[in-house]
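S.K.: have a look; sequence and predicted model below, questions after that.
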Amino acid sequence: MDKDDTLARGGTAQAAETMTGAQMVIRALKDQGVTHIFGYPGGAVLPIYDALFKVEGITHVLVRHEQGAAHAAEGYARSTGKPGVVLVTSGPGATNAVTGLTDALMDSIPLVVLTGQVPTHLIGTDAFQECDTVGITRPCTKNNWLVKDVNLLARTIHEAFEIATTGRPGPVVVDIPKDVQFQTGSYHGPHAIHHRTWRPKTDPDLSQIVKAVEMMAAAKRPIIYSGGGIINSGPEASRLLRELVDLTGFPITSTLMGLGAFPASRPEWMGLVGMHGTWEANHAMHDCDLMINLGARFDDRVTGKISAFSPGSKKIHLDIDPSQINKIVRVDLGIVGDAAKALREIIRFWKTQKRQVQAEALKAWWKQIDTWRAKKSLSYRNSDTIIKPQYAIDRLYAATKHRDDVYVTTEVGQHQMWAAQRFHFQQPNHWMTSGGLGTMGYGLPAAVGVQMAHPNALVIDIAGEASVQMTMQEMSTAMQYDLPIKIFILNNEYMGMVRQWQEILHGKRYSHSYSEALPDFVKMAEAFGCVGLRAEKPAELDGKIQEMINVRKPVLFDCRVDPAENCYPMIPSGGAHNEMLLGPDDGGEISDAGKMLV
Amino acid sequence: MHDTKVKLDNEVDRHTLTVLVDNEAGVLARVVGLFSGRGYNIESLTVAEVDPVARTSRITIVTSGTMHVIEQIEAQLKRLVPTHKVTNWTSEKAGIEREMALIKVAGTGEKRVEALRMADAFRARPVDTTHSSFVFEITGSPAKIDSFVDLMRPLGLVDVSRTGVAAISRGPEAM
C-alpha cells in the first residue's frame, strides 16, 4: 500500500502545511493522539475514508449502525479517559448518531463526532442524504460546527477536542461538507490553538474550600454522595476521594455514574443511592446533617421527592459546571472546580489546619447506619428451581471478582439496577452504563468500544433480552475485530422495569411489555459466528459462566431468569428517601403525583 | 414569545438579560434553543453585532421567571461555549433599557388630531404621514410604549412593530 507522506509525519510542531481537507481530518486526529475511530462510511465522507485508507496508526472500527459507533466511542472514552471519536456520513449517518450524542451529553462523556455533509453549494437544497446536522445536533452536543472553509478545518477540529475534553466533558460535532474535504488548504497543528471564548473554571476558590473543611469538621452526621464527576476528573480524583475517607471516616454512597470511584469492599461504602439504592444509603442521605456532594447533580433518580429530600442537612456541592449548583436543590456551599483539584485542597486544608472529626457523634452515626445495614435491603428469596436474576449477578460477580481487568457495561432496566447493586466495583472506569438518558441498546456497542481499548480484559455486557435486541447487530462488529465480549442476558421475557411499573402502578395490566417472539439467542449467536450458551437452572449457572469466561470469542449468554422478579429496594415515584419499599410484601401506596413521574 | 411555561414556586418577575457572544453561525439558534428546550420564556429579544473586530454580538433578552429560574437561565447562558458574559439588568446592575417602536394609526377628523396630540406628549415622531394615517416612531421603556399603544388603540391603531429591548449600563463601565 502506498503511504501518504503528508499523513505519515504527524505530531511535531511545524509551520502550516498544504493538504486536502480530508487529509487534514486524519492528520488532526493523529496529532490529537487518536488511535481508534468508530465509524461507518457513506457518500459524504468518502474523501476522509480515502485518506484513512492510506494511513497507519489509526484503527477504524466498522460498526453496523451509527448509533453503535457513538455508544462504542462512549465505552471507549469511559474506560480509557480519552475522548471517543466517531466518523459518519451525512443525513442518516448523522441522525443515527443522535441517540449516542444525547447519551454522551447527559452522562458527560467526551466524544468528537465528525459527520460528512453534502457539498456547500447543495446545502439547503434537500440534496440526497442532506440533513441540517448542526441544527439537529445543537441541543444534544456541548458545541458543534459546520466548517465551510478548508482553512478553518484543522483549527475547528482541534477546538472540538479542547471543548469535548475540558471543563465538564461532553460530545461535539464537526460537520464537514464534501467539497471542503476535497479542497486544499493549510494545516495547523494543535499547538497554541485554543477556542477564543471557552475558559472553564477548574481551580476552586480557596475561601470555599476553607468553609467546606469547617463544615466537615463540625458535622455530626455527615455523608459523602459522590458522582460521575469523580470518574470524569480522572483516577487522581478517585485516589483523593479514598484519602478523604481515610482522613475522616465519613460514610460514602454514590450515584449510578460514580460507581467504582470508591472501592465497594471498604467498610465506609454504603452502596448505591437513589430509587434502587440501599436502605442504609438512602436513610443516611435523609437523616444526615451534612451532605457532601462531590461531582453529582441531584438527579431525580437520586433525590426522589425534592421537598422531602434530606430536609435537615446542610449541603456542599462540588461541580465543574456552575449551572448545576442550585439547579435542583438549594445548597449551602457551592464549589465550582475540577474534582481532583478541589479534593486535593480540601485534604490539604484539613491536614494543615489539623482538623478533627466529631468523633463521638460520628461513632453514634455509624451505629445508626449499622442498624440500617442490618435490614440487608439487597437480600432476596433464592430458589433451587428457577434462576433468580440477583443470584445470576452474584454468581457472575463471584466468578470474576479475583480479576482486576473486568469491565462491565449494561443496557437499561432491571438488570442494570441489579448489576449496580450487586456487582461490586473497586476501581473507576470499569463500569459503563447509560445513566442520564437511559438508553436501551447502549451496553453491547459500549462493550465493543471497551474491548477495543482493552483487548485482553474481560468485558461483560450485563443485558436484558429486550435491550440487547436494539443493537444486536454489533455482534457482527465484535466478530470482525475479534473482540471476545460477553453478553450476559438476564432473560425474563419482559421489559422488566416496564413490567414492574405496570405491576405496581397500572393494576398489573402488562401492556405490550412481554417480549413476544423472542429469537433463540443461542442460534443467533451461532449465526453471527459467536458462541451461544444457555442456563435454565441455578445448578448449571456456575459451570456455564465459567465456560463463557474461558472462551476467547464473543458470547451470547441466554440466562433464563424468573420473569416475575422485581427490583428492590425501591423508592416509589414521588416518595422520599425514608419511604422505601423493601420487597413485594411491603405494599406502599403511590400518590397521584408520583404516578405522573417517570 | 413561543413558550409561556413558568415555574410558579414563588413570585414571577420580568428580567432583562444581556448576553455577549461570539458572532458565529448558529449562535442565536443556540441561545433561543436553550430557552425553548428548557421551557423558559422569551418576551422580547434583540440581537446585532456590536464589535466587528472582536466579532461579538450582543443579545438582549427580556424573560420572566422566579428568581430560581432566572438564576438558572443565567447559568445556562454562561455555559454555552460562545458566551463571553451575561448581565442581568434587573437584579444585578443598574442599566438603561430602551425600546423603539413604529406605530401606525389610521383615521380622520378628531381622532387624527387626538393621535397627533398624544404622540407629541409621548415625544413620538411622525415618520410617515398621509391624509388618513400616521406612522409614529417612539423610543422609551417598554412600559411607555405599552401605554402609548393602549392610547392609540381607540384612535385607529393599525399596526405595531417593536424592536425589543436594548440595554446598557449606567456610568463609565462596560457591561
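M.R.: That came through fine.

S.K.: domains of the chain?
M.R.: Went with chain A since none was named. A:5-187, A:206-373, A:389-567 (automatic domain parsing).

S.K.: I was thinking of chain B, sorry if that wasn't clear
M.R.: As assigned by automatic domain parsing, chain B contains the domains B:13-93, B:96-169.

S.K.: need the winner for burial among these.
M.R.: domain B:13-93 (a mean of 18; mean count of other Cβ atoms under 10 Å in any protein chain shown). Using the backbone N, CA and C atoms, a C-beta is placed for each residue, glycine as well.

S.K.: how far away from the center of its chain is that domain?
M.R.: Distance of domain B:13-93 from its chain centroid, counting by Cα atoms, centre = their mean, to the nearest Å, is 12 Å.

S.K.: likewise for stretch A:104-123?
M.R.: Distance of stretch A:104-123 from the chain centroid (Cα atoms, centre = their mean) equals 20 Å.

S.K.: ok, stretch B:157-167 next?
M.R.: Its chain's C-alpha centre lies 8 Å from the corresponding centre of stretch B:157-167 when counted by Cα atoms, centre = their mean.

S.K.: give me the pLDDT value at the closest residue to chain B within the stretch 1-150 of chain A.
M.R.: As assessed by Cβ to the nearest Cβ, chain B sits closest to A:Asn143 within the stretch 1-150 of chain A, at 4.1 Å. The per-residue pLDDT reported for A:Asn143 equals 98.

S.K.: again with A:Asp289
M.R.: A:Asp289 is assigned 98 on the pLDDT scale.

S.K.: and if you look at the one 4 residues further on?
M.R.: A:Asn293 carries a pLDDT value of 98.

S.K.: what's the helix or strand for the closest residue to it other than its chain neighbours?
M.R.: Setting aside the residues directly before and after it, A:Asn293 is nearest to A:His317 in space (Cβ to Cβ, 6 or more residues apart in numbering or on different chains), at 4.5 Å. Taking DSSP states H and E as the definition, one finds A:His317 inside strand A:314-319.

S.K.: parallel or antiparallel, list what pairs with that strand.
M.R.: strand A:290-294 (parallel), strand A:333-336 (parallel) (DSSP bridges).

S.K.: would you mark the buried spots in it?
M.R.: Across strand A:314-319, burial judged by 16 or more other Cβ atoms under 10 Å in any protein chain shown covers A:Lys314, A:Lys315, A:Ile316, A:His317, A:Leu318, A:Asp319.

S.K.: run the chain-centre distance for that strand.
M.R.: The mean C-alpha position of strand A:314-319 is separated from the chain mean by 22 Å, Cα atoms, centre = their mean.

S.K.: list the contacts of it.
M.R.: The set of residues external to strand A:314-319 that reach it, using Cβ atoms under 8 Å, 6 or more residues apart in numbering or on different chains, is A:168, A:204, A:212, A:215-216, A:229, A:289-295, A:297-298, A:324-326, A:329-337, A:339, A:342.

S.K.: just the buried members of those residues?
M.R.: Judged by 16+ other Cβ under 10 Å, buried ones among the contacts of strand A:314-319: A:168, A:204, A:212, A:215-216, A:229, A:289-295, A:297-298, A:324-326, A:329, A:331, A:333-337, A:339, A:342.

S.K.: residue of chain B nearest chain A, please.
M.R.: Nearest residue of chain B to chain A: B:Ala75, at 3.6 Å (Cβ to the nearest Cβ).

S.K.: give me the number of residues near the closest residue in space to that residue that isn't next to it in sequence?
M.R.: Using Cβ to Cβ, 6+ apart and skipping the chain neighbours, the partner closest in space to B:Ala75 is A:Ser323 (3.6 Å). A:Ser323 is flanked by 19 other residues according to other Cβ atoms under 10 Å in any protein chain shown.

S.K.: swap in B:Gly95?
M.R.: Residues lying near B:Gly95 (other Cβ under 10 Å) number 19.

S.K.: quick one on the thing from earlier: in which helix or strand does the residue of chain B closest to chain A reside?
M.R.: Taking DSSP H and E as the definition, B:Ala75 sits inside helix B:67-79.

S.K.: beyond that helix, next helix or strand please.
M.R.: strand B:83-88.

S.K.: now what about the next helix or strand after that next one, what contacts it?
M.R.: Tracing the chain C-terminally past strand B:83-88 and defining elements by DSSP H and E, one meets strand B:95-106 next. Residues outside strand B:95-106 that contact it (Cβ under 8 Å, 6+ apart) are B:16, B:18, B:44, B:87, B:89, B:112, B:115, B:124, B:127, B:132-142, B:145, B:148-149, B:152, B:155-170.

S.K.: list the ones among these that fall in helices.
M.R.: B:Arg112, B:Ala115, B:Pro142, B:Ile145, B:Phe148, B:Val149, B:Met152 (DSSP state H).

S.K.: out of those residues, which two sit at the greatest distance?
M.R.: Farthest apart among the ones in helices among the contacts of strand B:95-106 by Cβ to Cβ are B:Arg112 and B:Pro142. That separation is 26.3 Å.

S.K.: show me what residue of chain A gets nearest to chain B.
M.R.: Nearest residue of chain A to chain B, counting by Cβ to the nearest Cβ: A:Ser323, 3.6 Å away.

S.K.: next, that residue: phi, psi?
M.R.: Backbone geometry at A:Ser323, expressed as degrees, to the nearest 10, gives phi -70, psi -10.

S.K.: that one and B:Glu74, how far apart?
M.R.: Per Cβ to Cβ, to the nearest Å, A:Ser323 is found 9 Å from B:Glu74.

S.K.: how about A:Val25: what's its closest non-neighbour residue?
M.R.: Spatial nearest neighbour of A:Val25, chain neighbours left out: A:Ile48 (5.1 Å); criterion: Cβ to Cβ, 6+ apart.

S.K.: same question, A:Lys315
M.R.: A:Val331 (4.2 Å).

S.K.: so A:Thr184 bridges to which residues?
M.R.: With DSSP bridges as the criterion, A:Thr184 is bridged to A:Thr20.

S.K.: what's the separation between the residue located most distally from the centre of chain B and B:Ala115?
M.R.: Taking Cα atoms, centre = their mean, the residue of chain B most remote from its mean C-alpha position is B:Gly109, at 33.4 Å. Distance of B:Gly109 to B:Ala115, computed by Cβ to Cβ: 11 Å.

S.K.: same thing with A:Asp126?
M.R.: A:Asp126 sits at a distance of 48 Å from B:Ala115 (criterion: Cβ to Cβ).

S.K.: kindly report the same for B:Ala48.
M.R.: When distance is defined by Cβ to Cβ, B:Ala48 is 31 Å away from B:Ala115.

S.K.: quick one, phi/psi of A:Leu111?
M.R.: Backbone torsions for A:Leu111, taken as degrees, to the nearest 10, come to phi -130, psi 140.

S.K.: tell me the contacts of it?
M.R.: Neighbour list for A:Leu111: A:70, A:73-74, A:77, A:83-86, A:100-101, A:104, A:164, A:170-172 [criterion: Cβ under 8 Å, 6+ apart].

S.K.: with B:Ile59 instead?
M.R.: With Cβ under 8 Å, 6+ apart, B:Ile59 has these contacts: B:Thr18, B:Val19, B:Leu20, B:Val21, B:Leu28, B:Val31, B:Leu45, B:Thr46, B:Val47.

S.K.: among those residues, which are in strands?
M.R.: B:Thr18, B:Val19, B:Leu20, B:Val21, B:Leu45, B:Thr46, B:Val47 (DSSP state E).

S.K.: what bridges to the fifth one?
M.R.: It stands for B:Leu45. Judged by DSSP bridges, the bridge partners of B:Leu45 are B:Ile61.

S.K.: my guess is it contacts B:Gly164. True?
M.R.: Yes. Assessed by Cβ atoms under 8 Å, B:Leu45 is found in contact with B:Gly164 at 5.5 Å.

S.K.: now do the shared contacts for the two.
M.R.: Contacts common to B:Leu45 and B:Gly164, judged by Cβ under 8 Å, 6+ apart, are B:Thr60, B:Val62.
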